[in-house]
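Undergrad: sequence? don't have it. structure:
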């Protein structure tokens, strides 16, 4: 039975029944209750040439995406899926991913995007999902056909143990600052709150957006893909995900991109290449986020139209935002679309419509309090102009051999406040007894002596303290650009 156009068959729409009934939920061809995405998606995609998607395997117009999504809608409805049924998407960035995303938003499925190649059989059990879409073979695993359409026939659906989750639109895995391996549940209201507060600042009308970040992460998916899908003219996907700097520059030049969302580590690599450095100045807009920015990089970004964006998956992922070209070391911007506060221990907390509705934990959905404050785990400092700067992570604290807790972020912030020449600083213990600072200074300025820094440590001043001064390049960094504390210089 073909999928009816909304507005023509809406009045004759039947109930989809109890979405928790497993394999019996839903009926072939039924049109599920409306979601708040429908008007936006229909106006943007149906019969439209833009947005145009420049993808690794070809071009995809808005109208073609609409057609592929309608085929997914028909196939999933006829298979018996109902709103809130959980679907895993392990497709690479491309037409199939986009079509399945549009389908989930339109019909109200709970979509869990994961990295391509993720083992799907155990994940079906972990998320109690009814279907997985990727490249593997096995029970309850579907694949993508030509032009993003579903490969038919679809496999049998998996019978679920837990009720469906119709109020959850995305399940996104995070290994960020609030813990590893958590599945965050985001509702339509969370996603739309971030898009409606951030997109007007991003000036995406007529934009050609360079997509570099992973689509299974909140930053790349919400502020990248969804923002472009709803507002930009083109989305140009880098097939290498930013790993090949030369290819990325060539792609940006070929399609004359105007906006890009980047992480600090990639900005540094672009700045070291003459063509990449020139490209940074050509961007009319874009966001840099995912890690704190040190002083030399902040000085370079201040000459661009790029802005800082800070958030976490639990915030959909928008908490603070900067202005174009507004940069300083470790800058996070100002609150946007939510309330923020600094708790007594220095940790930033937020609340608002962006706050995730829950977490998938131990095989079921655990709901979060609706209006409660959510702690980010990031230690911050307020600025005189109403913004925030990142000081460190509460989770970077460590214990000495006698059990004494050392709050690294607190003491590192004290060093930066007392000695502005210090840019990056890490406090650690090499042996459980002594304390060691590894730091870099701005423009190679002399570093404070070990005895001077020890005096700042208050009750820890009696510990033997050493200082190692390194160049910023000597500090190992994660893919996002943060200092990797597990790989400090010897």
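TA: Sure thing, it's come through. Fair warning: this is a prediction, and the values are worked out from it, not measured in the lab.
Undergrad: in this protein, which spans are helices?
TA: Counting by DSSP state H, the chain has helices at residues 38-45, 62-79, 95-107, 120-126, 188-202, 218, 227-231, 245-254, 264-271, 274-282, 295-301, 408-418, 450-455.
Undergrad: Kindly reformat those as TSV containing distance to residue 385, mean pLDDT and mean neighbour count.
TA: Quick note: C-beta positions are derived from backbone N, CA and C, even for glycine. Shown next, in TSV, are those (distance: least, CB to CB, whole Å; pLDDT from 0 to 100; neighbours: other CB atoms under 10 Å):
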stretch	distance to residue 385	mean pLDDT	mean neighbour count
helix 38-45	34	97	17
helix 62-79	40	97	21
helix 95-107	37	98	25
helix 120-126	44	96	15
helix 188-202	17	98	20
helix 218	27	97	29
helix 227-231	26	98	22
helix 245-254	32	98	16
helix 264-271	22	96	20
helix 274-282	24	98	15
helix 295-301	15	95	20
helix 408-418	17	94	19
helix 450-455	29	93	16
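Undergrad: Of these, give the one that comes closest to residue 373.
TA: Closest approach to residue 373 among the helices of the chain (CB to CB): helix 188-202, 15.8 Å.
Undergrad: circling back: any chance of the helices of the chain in a markdown table, with distance to residue 312 too?
TA: Listed next are the helices of the chain as a markdown table, based on distance: least, CB to CB, whole Å:
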| stretch | distance to residue 312 |
| --- | --- |
| helix 38-45 | 25 |
| helix 62-79 | 29 |
| helix 95-107 | 21 |
| helix 120-126 | 21 |
| helix 188-202 | 11 |
| helix 218 | 8 |
| helix 227-231 | 17 |
| helix 245-254 | 26 |
| helix 264-271 | 16 |
| helix 274-282 | 26 |
| helix 295-301 | 21 |
| helix 408-418 | 16 |
| helix 450-455 | 31 |
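Undergrad: Which one of those lies nearest to residue 181?
TA: It's helix 120-126; of those, that one is closest to residue 181 (CB to CB) at 10.1 Å.
Undergrad: Check what contacts the closest one and list those residues.
TA: With CB atoms under 8 Å, 6 or more residues apart in numbering as the test, helix 120-126 has contacts from 88, 90, 112, 114, 129, 132, 134, 136, 138-141, 158, 363.
Undergrad: same thing but at 10 Å, please
TA: The contact list for helix 120-126 (CB atoms under 10 Å, 6 or more residues apart in numbering) reads 86, 88, 90, 112, 114, 129-141, 158, 160-161, 173, 183, 360, 362-363.
Undergrad: starting at the chain centroid, how far to that helix?
TA: In terms of CA atoms, centre = their mean, to the nearest Å, the centre of helix 120-126 is set 22 Å apart from its chain centre.
Undergrad: what does stretch 446-464 give?
TA: Distance, stretch centre to chain centre, for stretch 446-464: 38 Å (CA atoms, centre = their mean).
Undergrad: Repeat that for stretch 85-92.
TA: That offset, for stretch 85-92, works out to 17 Å (CA atoms, centre = their mean).
Undergrad: The helices of the chain: which one's closest to residue 427?
TA: Among the helices of the chain, the nearest to residue 427 by CB to CB is helix 408-418 (4.7 Å).
Undergrad: next one: the closest one to chain centre, how far?
TA: Distance of helix 408-418 from the chain centroid (CA atoms, centre = their mean) equals 28 Å.
Undergrad: Could you list every helix and strand in contact with it?
TA: In terms of contacts (3 or more CB pairs under 10 Å, 6 or more residues apart in numbering; DSSP states H and E), helix 408-418 is packed against strand 374-382, strand 388-393, strand 422-428, strand 435-441, helix 450-455.
Undergrad: Now render those as JSON lines, adding distance to residue 345.
TA: Shown next, in JSON lines, are the helices and strands packed on helix 408-418 (distance: least, CB to CB, whole Å):
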{"stretch": "strand 374-382", "distance to residue 345": "8"}
{"stretch": "strand 388-393", "distance to residue 345": "11"}
{"stretch": "strand 422-428", "distance to residue 345": "17"}
{"stretch": "strand 435-441", "distance to residue 345": "20"}
{"stretch": "helix 450-455", "distance to residue 345": "22"}
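Undergrad: one step back: of all the helices of the chain, which one is nearest residue 154?
TA: helix 62-79 (5.0 Å).
Undergrad: So which elements touch the closest one?
TA: Applying 3+ CB pairs under 10 Å, 6+ apart, one finds that helix 62-79 makes contact with helix 38-45, strand 52-55, helix 95-107, strand 131-133, strand 141-142.
Undergrad: hmm, 7 Å instead?
TA: Contacts defined by 3 or more CB pairs under 7 Å, 6 or more residues apart in numbering; DSSP states H and E place helix 62-79 against helix 38-45, helix 95-107.
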